[in-house]
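[1] Pasting the sequence and the predicted model now:
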Amino acid sequence: MKFYLEKVDEKSSARAGRIETAHGVIETPIFMPVGTVGSVKGIHFRELDNDVGAQIILGNTYHLYLRPGLEVIRQAGGLHRFIGWEKPILTDSGGYQVFSLAEMRKIKEEGVQFASHIDGSKHLFTPESVVDIQRVIGADIIMAFDECPPYPCDYKYAKKSMELTHRWLDRGIMHFKSSEPLYGFEQSFFPIVQGSVYKDLRQQSAEKIASTEMDGNAIGGLSVGEPAELMYEMIEIVNSILPVNKPRYLMGVGTPANILEAIALGVDMFDCVLPTRNGRNGMLFTPYGIMNMRNEKWKKDFRPIDENSDCYIDRVCSRAYLRHLFVAKEMLAAQIATIHNLHFYLWLVKEARKNIINNTFASWKKNMLLNLTKRL
């Protein structure tokens, strides 16, 4: 993987860059649709490519390991071939999913023993086995196994958790460097900064992650319930330490406003389930504000969802029709809303990139933030 930093905004830390992988180029800043089990809910890959403009998608190690299982993915020739997606894929390590199973897992120095949410069967994830699993999945970018501490947590727990993550990281890197990809293309390994909301821990963790000199770096353990301003404070601390010549990935974030603020702080990559999950429940994100498509006010509004959009669905589907589909509980409603929201997220980061290159990001961001949280 290669990363080229093309431009830094003159009035913020916002960056425009380019990541080159075996499966294509990714222009940053970028949003990655979440394809947990090898599918982005409610949308076909052709739509992801042509209508949404996705450049990379995310898969989940925990879920893919349990179902369909590694043998199926291996025989298919890796996840790209199994699902028919030819562009880049990033897989998270499964750490967040495992640690969300608070009553079904046990953390040890060796790794984490957990019970499957599907059938209760027992499994063990270690820093080494997670590398092996992601080798079989065959993503272009794979993540280190980490512990994601809850919010709130006390300082002692956060420090202990961070130190465990660092010891696991050393083991994971060693195993990554001593193993080989399975499908004829290189994979990149990203460490993850932890430390909860404690400044000194975030600083220590960022220094540790930076010292590993891997292809890119991730920021984890945020957007887990802490106030947004505290999240931004942690991002700023971390990005002041992480190397400027490596991509920075903020995991699991977030709202359109969160993304713009994090871009201004120097983040390059994002993923979040909000555009798909909220879309399935009738919430549309637009450049003008948020629309609840179940509301009565749209019943006779025959205007397009967004006539200024370059997305086909936005121009041909009326607000009244989409509301009708939601009220009638038609599957098509979720599909249209998902396409719209994902297209909007990709449009947003594309516009951010354009304004960074043109040195107009700060004023553009200020104007966008005024609209993004409005309820229409």
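    The structure has been received and is ready for your questions. Numbering: from 1, shown residues only.
[2] tell me the contacts of the spatially most central residue of the chain?
    Central residue of the chain (C-alpha atoms, centre = their mean): residue 271, 1.8 Å from the mean position. Residues near residue 271 by C-beta atoms under 8 Å, 6 or more residues apart in numbering: 31, 32, 33, 34, 58, 90, 251, 252. From N, CA and C alone the C-beta is placed, and that goes for glycine too.
[3] Where neighbours are concerned, which of those residues has the most?
    Neighbour counts for the contacts of residue 271 (other C-beta atoms under 10 Å) peak at residue 31, which has 29 neighbours.
[4] hang on, it is in a strand, isn't it?
    Yes. Secondary structure assignment places residue 31 in a strand (DSSP: H, G, I helix; E, B strand; the rest coil).
[5] now it: how far from residue 228?
    Residue 31 sits 18 Å away from residue 228, going by C-beta to C-beta, to the nearest Å.
[6] Repeat that for residue 343.
    Counting by C-beta to C-beta - residue 343 and residue 228 are separated by 25 Å.
[7] just residue 312 next, same as before
    Separation of residue 312 from residue 228 (C-beta to C-beta) stands at 34 Å.
[8] give me the number of residues near residue 111?
    Residue 111 is flanked by 20 other residues according to other C-beta under 10 Å.
[9] likewise the one 4 residues further on?
    Other residues within reach of residue 115, judged by other C-beta under 10 Å, total 15.
[10] going forward can the numbers begin at 334, since that is how I track them
    Yep, numbering from 334; the last one is residue 448 now.
[11] Let's verify residue 582: helix, strand, or coil?
    With three-state DSSP as the basis, residue 582 sits in strand.
[12] So it sits against residue 602, correct?
    Yes. Counting by C-beta atoms under 8 Å, residue 602 is a contact partner of residue 582 at 3.9 Å.
[13] overlap in contacts of the two?
    With C-beta under 8 Å, 6+ apart, residue 582 and residue 602 have common neighbours residue 549.
[14] And the contacts of stretch 592-599?
    For stretch 592-599, the external contacting residues (C-beta under 8 Å, 6+ apart) are 342, 345-348, 362, 364, 561, 565, 568-569, 572, 581, 583, 586-587, 603, 678, 681-682, 685, 689, 694-695, 698, 701-702, 705.
[15] Which parts of that stretch count as buried, going by neighbours?
    592, 593, 594, 595, 596, 597, 598, 599 (16 or more other C-beta atoms under 10 Å).
[16] Out of the residues you listed, which is nearest to residue 615?
    The nearest member of the buried residues of stretch 592-599 to residue 615, counting by C-beta to C-beta, is residue 592 at 21.3 Å.
[17] give me phi/psi at residue 494?
    phi -60, psi -40 (degrees, to the nearest 10).
[18] follow-up on the earlier one: of residue 676 and residue 561, who's got more company?
    residue 676 (25 against 15).
[19] what about that one, helix or strand, and which?
    Per DSSP states H and E: residue 676 is located in helix 664-690.
[20] Next, the buried residues of that helix.
    666-686, 688-689.
[21] three-state assignment of the residue lying farthest from the centre of the chain?
    Going by C-alpha atoms, centre = their mean, the residue of the chain most distant from its centre is residue 633, 36.2 Å out. At residue 633 the chain is in coil, as set by three-state DSSP.
[22] which residues sit in contact with it?
    Here residue 633 is in contact with residue 653 (C-beta under 8 Å, 6+ apart).
[23] Okay, it and residue 708: tell me how far apart.
    To residue 708, residue 633 is 19 Å away according to C-beta to C-beta.
[24] where along the stretch 584-709 of the chain do the strands fall?
    602-604, 616-619, 622-625 (DSSP state E, counting those that start in this stretch).
[25] From what I see, residue 463 and residue 478 are in contact.
    Yes. Counting by C-beta under 8 Å, residue 463 sits close enough to residue 478 to count as a contact (4.2 Å).
[26] More neighbours: the two, which one.
    Neighbour comparison, residue 463 and residue 478: the larger count goes to residue 463, with 30 against 27 (by other C-beta under 10 Å).
[27] Using the record's assignment, carve this structure into domains.
    As given by automatic domain parsing, the domain ranges for the chain are 335-604, 612-705.
[28] possible to save these as TSV with mean pLDDT?
    Below are these laid out as TSV (pLDDT from 0 to 100):
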stretch	mean pLDDT
domain 335-604	96
domain 612-705	97
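[29] Mean neighbour count, the ones you listed: which tops it?
    domain 335-604 (a mean of 19; mean count of other C-beta atoms under 10 Å).
[30] Please enumerate the helices of the stretch 484-633 of the chain.
    Counting by DSSP state H, counting those that start in this stretch, one finds helices in the stretch 484-633 of the chain at the ranges 488-511, 532-544, 561-572, 589-597, 607-613.
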